[in-house]
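Peer 1: let's see this in three dimensions:
(one chain, ligands or ions: 1)
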Amino acid sequence: MHEPLSLRSEAGFFDMPLNFSAYPLLDQAFEASPFAFVPGQASGNLAFLVELDLIENGSPVARAVWQAKQLGNLLQHARQKSAFWRARLPSGEINAAMLSYFPVLSRQELIEQIATEGSLMASPDGAPALPASPTTGSTGTPVRVFVTRQNAMYNSMRSVFEYFNQGWSVDGNLTRLMKLDFELINERDKKLKVVTADSWLGPLSSLFKNGKYKIIYFATPNDEMRAEMAKDSLGYLAAGSWLLERLLTAVSPAELKNLGMKAWIQLGGARVQTHIDALNEVGITTHANYSCEEIGPIAQGCSTCPDHYHVAHSNVVVEEDKSLTATFEGRTLSRVLLTHLHSYATPLIRYDVGDFAEFLSACPCGHQGTVLKNLYGRQKNFVRHADGRFTEFMITARTGRTVREFKEWRVQQLSFTELLLELSGVPDLTEQEVEKFQFLVGLAAGTEFKVTVKVVDAIDWSDNPKRLFFRCRI
Ligand SMILES: [Zn+2]
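Peer 2: Residues are numbered from 1 along each chain as shown. Predicted coordinates:
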């Protein structure tokens, strides 16, 4: 008899490898032709998952060597293609070890680089411009970074990887919630938009049993929304925390459980412990990611240690900047600086995304790699209600700009019934525009609020250096 192989190597304990054989295969999964096994595209996807596993869960030394090479490539590229980056980086020998000496990239500088230089990467078929990712940011200054097709491919594979990495089944459905605010502004009778697909694993759905994929765009959880959710088992529910919150105002965790919801995959926003507890109570698990639109995945919540995030080392280098700290619930947190290893179209090197966290070099679960705790970011905007509840306030500047272009905006909660929206860079507003802004802000905060819209020459940020878009004054 053979002894079982030990996963404990001399260098230390490594995570369990991916276990594909635990996943149910389709009867027609394999190739029929001579000396062929798995169909080409599925085979390529499987190989990519194994590569991600080796980089993120394998030897920390091999990972560091790989990251240094990737970073070196990116630095060379940025210096060669961009006057902006030539001015920031040294002209001689350049390598990854120098990273912490380079200047921090602010959101404003990033916007300047994009405006003056555009994309630094031609697309593979020679077309001059690449599509920009959607604008982002809840403050008045959205960023429009350029991305490559490789970035899109990586992001999609990294999200598939997470299921296999965590050992989650893939034969159930995946339901994604999105907000309908855009359409709603001009077409208020429209209450729902639904997009469906037979599977959510891409080419791997020819190999493994895979559930249905459905995206539901909704504004309020009305009867139409309930009827749509009842059509298919929900399975994994992927949604930002503000959308889950909106859903929970009308649909209880027990109802969601009955609708087949297995787990909540949090796609952004703050972790609200009361929601997590309410879902856990009925047997729905929760899982959080840390990501941003400029970069894609940054870290994933640990499945055994709550509030510990394993950094996605195959995508990003996360640096702890102790020169700028914030205090949150008595803990000192450092500024998070992000370097996106594959940011060839718009380099993101030591980017200040506006978040703070505690840094660990390994996770108590045994995972070897940078771990973030107590993530505190600009997304944490809470509305305080008279009955003691706190709900997250979220509207993107992009949504606001569908009503009217403006320079900056800010919302302040003045009391349990009053909100003030200030806009700068707008000479005047029509009655209709005022009403649309009031409607948007009311939708995000709650129906009990009266929203006052005020046009100002410039927003006074003097008592709010982080320029937080939302401020609760009570
Ligand atoms: Zn862990």
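Peer 1: how about the strands in the stretch 251-400 of the chain?
Peer 2: For the stretch 251-400 of the chain, the strands defined by DSSP state E, counting those that start in this stretch cover 261-266, 285-292, 296-301, 308-311, 316-328, 331-340, 351-362, 368-376, 382-384, 390-392.
Peer 1: tell me which residue of the stretch 201-350 of the chain lies closest to the ion.
Peer 2: residue 302 (3.0 Å; C-beta to the ion). Quick note: C-beta positions are derived from backbone N, CA and C, even for glycine.
Peer 1: how about that residue, nearest residue that isn't a chain neighbour?
Peer 2: Ranked by C-beta to C-beta, 6 or more residues apart in numbering and with sequence neighbours excluded, the top spatial neighbour of residue 302 is residue 308, at 4.2 Å.
Peer 1: if we can go back for a sec, to residue 272, which of the strands of the stretch 251-400 of the chain lies closest?
Peer 2: Among these, the nearest to residue 272 by C-beta to C-beta is strand 390-392 (6.9 Å).
Peer 1: show the average pLDDT along the closest one.
Peer 2: Across strand 390-392, the average pLDDT comes to 67.
Peer 1: what does the protein have sitting close to the ion?
Peer 2: 302, 305, 363, 365, 367 (C-beta under 5 Å from the ion).
Peer 1: among these, which pair sits farthest apart?
Peer 2: Farthest apart among the residues of the chain next to the ion - using C-beta to C-beta - are 305 and 367, which lie 9.0 Å from each other.
Peer 1: part of a helix, is residue 419?
Peer 2: No. Under DSSP: H, G, I helix; E, B strand; the rest coil, residue 419 falls outside any helix and is assigned strand.
Peer 1: partner residues bridging it?
Peer 2: Per DSSP bridges, the residues bridged to residue 419 are residue 413, residue 451.
Peer 1: please apply the same query to the one 4 residues further on.
Peer 2: Residue 423 has the following beta-bridge partners by DSSP bridges: residue 409, residue 455.
Peer 1: in three-state terms, label residue 72 for me.
Peer 2: Applying three-state DSSP: residue 72 is helix.
Peer 1: I'd like the strands of the stretch 251-400 of the chain as JSON lines, with mean neighbour count and distance to residue 457 appended.
Peer 2: Shown next, in JSON lines, are the strands of the stretch 251-400 of the chain (neighbours: other C-beta atoms under 10 Å; distance: least, C-beta to C-beta, whole Å):
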{"stretch": "strand 261-266", "mean neighbour count": "22", "distance to residue 457": "39"}
{"stretch": "strand 285-292", "mean neighbour count": "20", "distance to residue 457": "31"}
{"stretch": "strand 296-301", "mean neighbour count": "22", "distance to residue 457": "37"}
{"stretch": "strand 308-311", "mean neighbour count": "23", "distance to residue 457": "41"}
{"stretch": "strand 316-328", "mean neighbour count": "16", "distance to residue 457": "30"}
{"stretch": "strand 331-340", "mean neighbour count": "20", "distance to residue 457": "31"}
{"stretch": "strand 351-362", "mean neighbour count": "19", "distance to residue 457": "25"}
{"stretch": "strand 368-376", "mean neighbour count": "21", "distance to residue 457": "32"}
{"stretch": "strand 382-384", "mean neighbour count": "17", "distance to residue 457": "27"}
{"stretch": "strand 390-392", "mean neighbour count": "19", "distance to residue 457": "30"}
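Peer 1: looking at the ones you listed, which has the lowest confidence?
Peer 2: What stands lowest among these, in mean pLDDT terms, is strand 390-392, with a mean of 67.
Peer 1: and for residue 146, the neighbour number?
Peer 2: For residue 146, the neighbour count with other C-beta atoms under 10 Å is 20.
Peer 1: which residues touch the residue of the stretch 201-350 of the chain closest to the ion?
Peer 2: 308-310, 363, 365, 367, 371 (C-beta atoms under 8 Å, 6 or more residues apart in numbering).
Peer 1: let me see the mean pLDDT of whatever helix or strand residue 176 lives in.
Peer 2: Element membership of residue 176, judged by DSSP states H and E, is strand 174-179. Average pLDDT, strand 174-179: 92.
Peer 1: that strand packs against which elements?
Peer 2: strand 213-218, strand 235-239, helix 241-248 (3 or more C-beta pairs under 8 Å, 6 or more residues apart in numbering; DSSP states H and E).
Peer 1: chain center to it, what's the gap?
Peer 2: Relative to its chain's centre, strand 174-179 lies at 14 Å (C-alpha atoms, centre = their mean, to the nearest Å).
Peer 1: quick one: contacts of it?
Peer 2: 200, 211-219, 229, 232, 234-240, 243-244, 246-247.
Peer 1: just the strands from the stretch 51-200 of the chain, written as ranges.
Peer 2: 174-179, 192-197.
Peer 1: buried deepest among those strands, which one?
Peer 2: Greatest average neighbour count among these goes to strand 174-179 (a mean of 21), per mean count of other C-beta atoms under 10 Å.
Peer 1: pLDDT-wise, which helix or strand of this protein ranks last?
Peer 2: Lowest on mean pLDDT, DSSP states H and E among the helices and strands of the chain sits strand 8-9, with a mean of 44.
Peer 1: ok, residue 201 - contacts?
Peer 2: Contacts of residue 201 (C-beta under 8 Å, 6+ apart): 160, 170, 208, 210.
Peer 1: the second one touches residue 210, doesn't it?
Peer 2: Read it as residue 170. Yes. Counting by C-beta atoms under 8 Å, residue 170 touches residue 210, with 5.5 Å between them.
Peer 1: and residue 245, how many residues sit next to it?
Peer 2: 20.
Peer 1: that one contacts residue 274, correct?
Peer 2: No. Contact criterion C-beta under 8 Å: residue 245 and residue 274 do not qualify, at 9.9 Å.
Peer 1: what separation do you get for residue 412 and the ion?
Peer 2: Distance, residue 412 to the ion, by C-beta to the ion, to the nearest Å: 38 Å.
Peer 1: go on, residue 439?
Peer 2: Distance from residue 439 to the ion, by C-beta to the ion: 43 Å.
Peer 1: now do the SS call for that residue.
Peer 2: Classification of residue 439 by three-state DSSP places it in helix.
Peer 1: could you do the one 5 residues further on as well?
Peer 2: Residue 444 carries the three-state label helix when classified by three-state DSSP.
Peer 1: now it, nearest residue through space, not along the chain?
Peer 2: Counting by C-beta to C-beta, 6+ apart, the residue nearest residue 444 is residue 395, at 4.8 Å.
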